[in-house]
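# Just to be clear, the model below is a prediction. Sequence and coordinates:
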Amino acid sequence: MFSFVSLYFYNDMEVVVYEGVIREKPSSKEEARQFIKGYSGGHAATVSSVLVTNLSNGSRKGGWDKVEIHFHDIPEEVIEKLIEEAPVLNVAGGLIIEHPLVVPYVKEVVGGTDSVMGLPKDLTRRLMKEVL
């Protein structure tokens, strides 16, 4: 026999942490440019959180996930192309590691790329099991 459970997921805004400073969406092209130049040859981290609520019994669990991204040097012309395309203004820290212009300059990702892109799958699965 099957039973259905209603779950509610809340995925909080992801932020980027660079040199101890929290970065949300850049407010301008110039700020995005500064963010990306800072990542060049260095590293940044993303932090995202998830809250899962079992609507049947009220059980609620939450957690957070951190991923570190290390970069090769990113050429100025690549940074300028990213700024021209402007998707960097719509994401935390101006950071889009899956963008075709950025991929060649990602040296290492320590953690899950799904978390960098917004939803840490392993964390979400674990929290779902905990509330059932």
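Perfect, I can see it now. Numbering: from 1, shown residues only.
# shaky segments in the protein?
Residue ranges of the chain with pLDDT under 70: 1-4, 12-13.
# Find the centremost residue of it, please.
Centroid-nearest residue in the chain, with Cα atoms, centre = their mean: residue 116, separated by 3.0 Å.
# wait, what's in contact with that one?
14, 46, 67, 69, 95, 97, 109 (Cβ atoms under 8 Å, 6 or more residues apart in numbering). C-beta: built from backbone N, CA, C; applies to glycine.
# Which residues does the helix or strand where residue 82 lies contact?
Assigned by DSSP states H and E, residue 82 falls within helix 76-85. The contact list for helix 76-85, computed with Cβ under 8 Å, 6+ apart, reads 29, 32-33, 36-37, 40, 88, 94, 96, 99, 101-102, 105.
# Now, these that are in strands?
Among the contacts of helix 76-85, no member falls in strands (DSSP state E).
# Enumerate the helices of the protein by residue range, in sequence order.
Applying DSSP state H to the chain gives helices spanning 29-39, 76-85, 113-116, 121-131.
# Mean neighbour count, those: which tops it?
helix 113-116 (a mean of 20; mean count of other Cβ atoms under 10 Å).
# Distance from the chain centre to that one, please.
6 Å (Cα atoms, centre = their mean, to the nearest Å).
# hmm, back to that, could I get the contacts of residue 116 as JSON lines with neighbour count and distance to residue 126?
Putting the contacts of residue 116 into JSON lines (neighbours: other Cβ atoms under 10 Å; distance: Cβ to Cβ, whole Å) gives the following:
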{"residue": "14", "neighbour count": "22", "distance to residue 126": "18"}
{"residue": "46", "neighbour count": "27", "distance to residue 126": "18"}
{"residue": "67", "neighbour count": "21", "distance to residue 126": "16"}
{"residue": "69", "neighbour count": "23", "distance to residue 126": "22"}
{"residue": "95", "neighbour count": "24", "distance to residue 126": "25"}
{"residue": "97", "neighbour count": "18", "distance to residue 126": "23"}
{"residue": "109", "neighbour count": "15", "distance to residue 126": "20"}
